[in-house]
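Visitor: Got a sequence here, can you model it:
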Amino acid sequence: MEIQSSGRPIETLMERVLCMNILSSDYFKELFRLKTYHEVIDEIYNQVDHVEPWMTGNCRGPSTAFCLLYKFFTMKLTVKQMHGLLKHPDSPYIRAVGFLYLRYAADPKTLWGWYEQYIKDDEEFSPGSNGKMTTMGVYIRDLLLGQYYFDTLLPRVPLPVMRQITANLEKLKLPSKLSGSTGDSSRLGSDDSTARRPPSVKASLSVSFGQRAPHRASTRDSSPVRKATLERERGDRDRERERERERERERERERERSRDRERDGERDRDRERRETERYRSSRERRDYDRDRYRDRSSRERRSRSPRRDRDRYNRDRDSPFNRDRDSPFNREGSRDNNNNNKGSVNSNLAKLKDLYGDGSEKKEGEETFRRETGTEEVIRLGGSRSWR
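Guide: Residues are numbered from 1 along each chain as shown. Here you go, the predicted structure:
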């Protein structure tokens, strides 16, 4: 059976600064390996030497005792387990952790029932790190009567319950005032030079979150919360730096791909340009050759025509016929030849008439036509050179 609790989560019962430091503590994270109630008790026996909430020194992190106490909170102890803690014979710190568990988690109305049989316990131990000894009974009475525990806050006990506890103490003839075994009874600080906590919640927050500590220059870096924050920031910076490097590598690869594409495009453009120039040059060469051939052909034609005319003219002039015809001495002879030719034509007509007859039986028009036709034929056939 579980212990009757107040019903409030432990995060609201424990001081927030202390709770945050415990949860961010490396030691508390290592306690995840402890799975059983007896393993946690053995850890208390081996490691705890005081039950203050903070380690020795100004804000050097939560103490081992309170980390183990928070581990018990996560395990939710039963009544039997609590009785085992309160009666444990091996170490008074095991018992002190059990009483602290009840002070934080148990219902305030049940506190006297748990504490009553140990209210006069005379086992001595040092609840603080300063070595100041006290008895277990005095320690328990201070837990019941006080709200401040070594400069941290304990859950508030309702006023009717507190009156009942005070009345019970008076019945047992025990002091109803704080003895100071659990630290100062206020948050104003202590004159003791060994004080290990700032005197206010504001100072606690300042120290915990890495601001300047009142009594220790290195508190900023020694705070567990600050360490965790620095580690997270360092991890974030490393991851951001790695992402930036990856982006830069990707940009470099993209630039390289762009340069490759540009080189390929330039090669293609050069190839097209060379092909275009080659085609243009070949076309121009063909055009030039064709024009040159045309010009040469036209020049040859022009140069051959006058020569051919001159040659023909020279040949005609040099021929005997043209020489005789063109000679002025032969012009009279040509006229005699024409007369002779006419005489020969007439003689030839006479011979033809004797050979074929004159055809008098035909009509006169037909005779005339035939005679004219014959004359023309004879003239055509008997040229100047036909009848020799």
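
Visitor: Who's the closest spatial neighbour of residue 118, skipping the chain neighbours?
Guide: Take residue 118 and drop its neighbours on the chain: the residue closest to it by Cβ to Cβ, 6 or more residues apart in numbering is residue 140, 5.7 Å away. To be clear about C-beta, it is placed using only N, CA and C from the backbone, and glycine gets the same treatment.

Visitor: wait, what's in contact with the one you found?
Guide: Counting by Cβ atoms under 8 Å, 6 or more residues apart in numbering, residue 140 makes contact with 99, 115, 118-119, 121.

Visitor: Out of those residues, which sit inside helices?
Guide: Cross-referencing those against helices under DSSP state H gives 99, 115.

Visitor: Make CSV from the contacts of residue 140 and add distance to residue 18 to it.
Guide: As requested, the contacts of residue 140 are arranged in CSV below (distance: Cβ to Cβ, whole Å):
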residue, distance to residue 18
99, 17
115, 23
118, 25
119, 27
121, 27
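
Visitor: which among the contacts of residue 140 gets closest to residue 11?
Guide: residue 99 (20.9 Å; Cβ to Cβ).

Visitor: Near that closest one, how many other residues are there?
Guide: 22 (other Cβ atoms under 10 Å).

Visitor: Just to be sure, the residue nearest to residue 118 is in a helix?
Guide: Yes. Judged by DSSP: H, G, I helix; E, B strand; the rest coil, residue 140 forms part of a helix.

Visitor: Need the pLDDT of it.
Guide: Residue 140 is assigned a predicted lDDT (pLDDT) of 91.

Visitor: Could you tell me how far it is located from residue 255?
Guide: Here the criterion is Cβ to Cβ, to the nearest Å. By it, residue 140 lies 74 Å from residue 255.

Visitor: And residue 51, by the same measure?
Guide: Taking Cβ to Cβ, one finds residue 51 at 64 Å from residue 255.

Visitor: Which of the two has more residues huddled nearby?
Guide: More crowded of residue 51 and residue 255, by other Cβ under 10 Å: residue 51, with 27 against 10.

Visitor: residues in contact with that one?
Guide: 63, 65-66, 93, 96-97, 100, 127.

Visitor: one more time with 10 Å, if that's ok
Guide: 44, 63-66, 69, 92-93, 95-97, 99-100, 125-129, 139, 149-150, 182 (Cβ atoms under 10 Å, 6 or more residues apart in numbering).

Visitor: and if you look at residue 177?
Guide: Counted by Cβ under 10 Å, 6+ apart, residue 177 has contacts 141-142, 145-146, 166, 169, 185.

Visitor: what does residue 81 give?
Guide: By Cβ under 10 Å, 6+ apart, the contact set of residue 81 is 2-3, 37-38, 41, 72, 75, 98, 101.

Visitor: May I ask which helix or strand encompasses it?
Guide: helix 79-86 (DSSP states H and E).

Visitor: list the buried ones in that helix?
Guide: Buried positions in helix 79-86, judged by neighbour count with 16 or more other Cβ atoms under 10 Å: 81-82, 84-86.

Visitor: Among the residues you listed, which one lies nearest to residue 296?
Guide: residue 81 (124.2 Å).

Visitor: low pLDDT regions in the stretch 101-250 of the chain?
Guide: 184-227 (pLDDT under 70).

Visitor: all helices of it, in order?
Guide: Ranges of helices in the stretch 101-250 of the chain, per DSSP state H, counting those that start in this stretch, are 111-115, 136-145, 159-171, 201-208, 219-222, 224-318.

Visitor: name the helices or strands packed onto the longest one?
Guide: Using 3 or more Cβ pairs under 10 Å, 6 or more residues apart in numbering; DSSP states H and E as the contact criterion, the secondary-structure elements in contact with helix 224-318 are helix 16-23, helix 26-30, helix 201-208, helix 219-222, helix 320-326.

Visitor: same thing but at 7 Å, please
Guide: Under the contact criterion of 3 or more Cβ pairs under 7 Å, 6 or more residues apart in numbering; DSSP states H and E, helix 224-318 touches helix 16-23.

Visitor: mean confidence for the helix it packs on?
Guide: 89.

Visitor: what comes up buried for that helix?
Guide: Neighbour-count burial for helix 16-23 [16+ other Cβ under 10 Å]: 17-23.

Visitor: cool, stretch 109-117 as well?
Guide: 111, 114-115.

Visitor: ends of that stretch, how far apart?
Guide: 16 Å (Cα to Cα, to the nearest Å).

Visitor: that older thread, quick one: which of the buried residues of helix 79-86 is nearest to residue 270?
Guide: Using Cβ to Cβ, these come closest to residue 270 at residue 81, 87.4 Å.
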